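> Take a look and give me a structure for this.
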Amino acid sequence: MAGDEAQSSNKPTDTSSSYYLSSSDHLGMNFVGDNLLNDSNYSDWKAEMSNALYAKNKIGFIDGTISMLKEGAQELAVWKRCNVMVRGWLVSSMIKEIKNNVKYANTSRYIWVDLEEIFGKENASRAYELWRQLTMVHQDSLSISAYYTKLRVVWDEI
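Numbering: from 1, shown residues only. Here you go, the predicted model:
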């Protein structure tokens, strides 16, 4: 019986399976709204996209816990279908210039790692700008909660 449960968790019809795709899922779904990935918003975009993929039970396709199956594996076609869907979701949430850099990637994991390599590195000029912004935040007529939120947004990005 335990073996049956383990097998059913990989069936694409099981809603708790990472291989499950609902009838409303499509390649062009945009989980980040107007916050398309550009040169200056990687950390915000990454957080939003991670949350969306986690909610869709597809985070394993980008974090490496659901790796590509070997040729001949019974569920390879299902894995490929889900990978293509996640790739579509990632690409549809980027500006055109960034899409062009990743459009030939074979896996969603490769796209994720590539984006981390490009945008995830510490950017000294951006760090300086954020620290400067932090020192220039003043409460003025803001409420304490609005002032704290303003500080927190900059601090979180740092």
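> On the three-state scheme, the residue nearest the centre of the chain is what?
With the centre of the chain defined as its mean C-alpha position, the nearest residue by Cα atoms, centre = their mean is residue 49, 3.1 Å away. For residue 49, the secondary-structure state derived from DSSP: H, G, I helix; E, B strand; the rest coil is helix.
> Show the contacting residues for it.
For residue 49, the contacting residues are 31, 32, 89, 90, 93, taking Cβ atoms under 8 Å, 6 or more residues apart in numbering as the criterion. Where you see a C-beta, it was placed from the backbone N, CA and C, and this is true even at glycine.
> and it, how far is that from residue 119?
From residue 49 over to residue 119 the distance is 12 Å, taken as Cβ to Cβ, to the nearest Å.
> which strands and helices sit next to the longest helix belonging to the chain?
Longest among the helix segments of the chain by residue count, using DSSP state H, is helix 76-91. Identification of packing neighbours for helix 76-91 by 3 or more Cβ pairs under 8 Å, 6 or more residues apart in numbering; DSSP states H and E yields helix 42-55, helix 60-63, helix 96-102, helix 108-119.
> which residues of this protein score low on pLDDT?
Low-confidence segments of the chain, defined by pLDDT under 70: 1-10, 122-126, 158.
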